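Participant: The following comprises the amino acid sequence and a computationally predicted model.
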Amino acid sequence: MKLSIIILAAGQGTRMNSARPKVLHPLGGRPLLAHVLDTARALHAMDIHVVIGHGAGQVRDVLPDTDIHWVLQEQQLGTGHAVAQAMPAVPDENTVLVMYGDVPLISKQTLEPLCQMAGQGMAALLSAVLDDPAGYGRILHHADGSICGIVEEKDATRKQRAIQEINTGFLAAPAARLRGWLSALNNNNAQGEYYLTDTIARAVTEGTSVRGLTTDAIDEVMGINDRKQLAAQERCFQMRQADACLQAGVTLIDPARFDLRGRLDAGQDVVIDINAILEGQVTLGDRVSIGPNVTLRNATLGDDVTILANCVIEAAVIGAGSRIGPFARLRPDTTLAAATHIGNFVEIKKSEVGEGSKINHLSYVGDTTIGRGVNIGAGTITCNYDGANKHRTLIGDDVFIGSDTQLVAPVEIQDGATIGAGSTITRDAPAHELTLSRAPQKTRSGWKRPVKEPKG
């Protein structure tokens, strides 16, 4: 079977109350349309046509995929009109599957049987049974149970609105036949639009067999029209993510409070506490422990790494056996060797920290190379920016930096050097020597602290 897929993504999404096209709103950290495209590609379609309209330029810019045929629907005249815009590029001998850019959780497994039915020369549609079908088109049946059409809710009678079997919108049909049904559509309805659903009645009139496939995977077929529906689908998506992690052997302290907005590759015996957010590509070694309220973005953590609560780690590599946090921030291009300790309220940016080194309290390290076995005291700052340019600090092996020290880059602290607390270092510090800069300490005998005059 040769499959062509048409994805409808032209709508404005007025109920989102947003300047952003609806299909670009994020689900799991990626645009809604990106999820739909993933499923379309998994079906091995010969060609994928995406019908765009509102914010068309934005959609193309965000998803510059080379395998997509973009189709502009200049006027939004209904779903039937939208599909018709893409049909000229679809070969007659193909099977067409219609998908939707705002229905992101639909799966390959649900759609494959639909495509197989259509590949046998019939029209096939996907339906679902809802306790509350309000807002959806209803599936109409002949007395013998065969499908005879679909009625949109605004055009339905009271009796038809009581029908609980709804049209999900997913439709597959032979391309040549679908082309003819589309050409015969009219817009004599409450919306004044050309409905794709009317092609079913055309198929029945023509004598083409129409088969329905009812799915109980309700979450998969729910479209997103407003922020509330987007939030509900986000939770559905995240529970899928959590389930996959649990099946892979990751311990999630509370799966309902876990967000994976990208891809996770995890080793054995990984434990992730509540409210962790993982974005981009995250790689965790064996026996990694992630504390509560941690954000990991494009991060790689070696075996036996512990991340304590409330840390933010972005585009960083952390060596085996390291301990980070709580309340630490590792910014992009940070690489920590094995057995490093980064403590509370420490920020590191674009730096390398050698094996066994410690930065445990209230420090900023930027544009710095740190050797092995270094201890950096509380309140240390690398002054790397002169207002125009960034400069680098070099710290050798076995260096001890006292608390409340400023290292004014460019500067080098050589192997084994000790920097006295409270120093401002502006020149290179020699190896194995004590370097410090302090004003002389003075005591003023008899000095009295000022006091306020009593109020009369």
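Facilitator: The structure has been received and is ready for your questions. Residues are numbered from 1 along each chain as shown.
Participant: Dump stretch 74-86 to PDB, keeping only the CA atoms.
Facilitator: Output of stretch 74-86 as PDB, limited to C-alpha atoms (Å, rounded to 0.1, in the frame of the first residue of the first chain):
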ATOM      1  CA  GLU A  74      -5.500  31.000   2.200                       C
ATOM      2  CA  GLN A  75      -9.200  30.900   3.300                       C
ATOM      3  CA  GLN A  76     -10.300  28.600   6.000                       C
ATOM      4  CA  LEU A  77     -13.500  27.200   4.400                       C
ATOM      5  CA  GLY A  78     -13.700  24.000   6.300                       C
ATOM      6  CA  THR A  79     -12.000  20.600   6.600                       C
ATOM      7  CA  GLY A  80     -13.200  19.400   3.200                       C
ATOM      8  CA  HIS A  81     -11.800  22.400   1.500                       C
ATOM      9  CA  ALA A  82      -8.500  22.000   3.400                       C
ATOM     10  CA  VAL A  83      -8.000  18.400   2.300                       C
ATOM     11  CA  ALA A  84      -8.900  19.400  -1.300                       C
ATOM     12  CA  GLN A  85      -6.000  21.900  -1.300                       C
ATOM     13  CA  ALA A  86      -3.500  19.100  -0.800                       C
END
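Participant: which residues are contacting it?
Facilitator: Defining contact as Cβ atoms under 8 Å, 6 or more residues apart in numbering, one finds that stretch 74-86 is touched by 6, 8, 10-12, 49, 51, 53-54, 69, 71-73, 96, 98, 169, 178, 182-183, 185, 187, 191, 193-199. No exception for glycine: its C-beta is placed from N, CA and C like everyone else's.
Participant: avg pLDDT for it?
Facilitator: Here stretch 74-86 scores 95 as its mean pLDDT.
Participant: Next: stretch 197-216.
Facilitator: 92.
Participant: First-to-last residue distance for it?
Facilitator: End-to-end distance of stretch 197-216 (Cα to Cα, to the nearest Å): 21 Å.
Participant: Sort out which residues of that stretch are buried, please.
Facilitator: Residues of stretch 197-216 classed as buried: 197-204, 208, 210-213, 215 (neighbour count, 16 or more other Cβ atoms under 10 Å).
Participant: Of these, which belong to strands?
Facilitator: In strands, judged by DSSP state E, the following of the buried residues of stretch 197-216 are found: 210, 211, 212, 213.
Participant: Looking at the residues you listed, which is nearest residue 342?
Facilitator: Using Cβ to Cβ, the shortest approach to residue 342 within these belongs to residue 213, at 54.1 Å.
Participant: what's the burial count for residue 345?
Facilitator: As a burial measure, residue 345 scores 16 neighbours (other Cβ atoms under 10 Å).
Participant: was I right about residue 196 contacting residue 99?
Facilitator: No: counting by Cβ atoms under 8 Å, residue 99 is not a contact partner of residue 196; they are 11.8 Å apart.
Participant: and residue 235, how far is that from residue 224?
Facilitator: Counting by Cβ to Cβ, to the nearest Å, the gap from residue 235 to residue 224 is 13 Å.
Participant: Which one of the two is surrounded by more residues?
Facilitator: Neighbours per residue (other Cβ under 10 Å) separate residue 235 from residue 224, with residue 224 holding more: 26 against 12.
Participant: How about the contacts made by the more buried one?
Facilitator: For residue 224, the contact set (Cβ under 8 Å, 6+ apart) comprises 22, 25, 27, 32, 102, 103, 104, 230, 233.
Participant: let's go with 6 Å and repeat that
Facilitator: Residue 224 sits next to 102, 230, 233 when contact means Cβ atoms under 6 Å, 6 or more residues apart in numbering.
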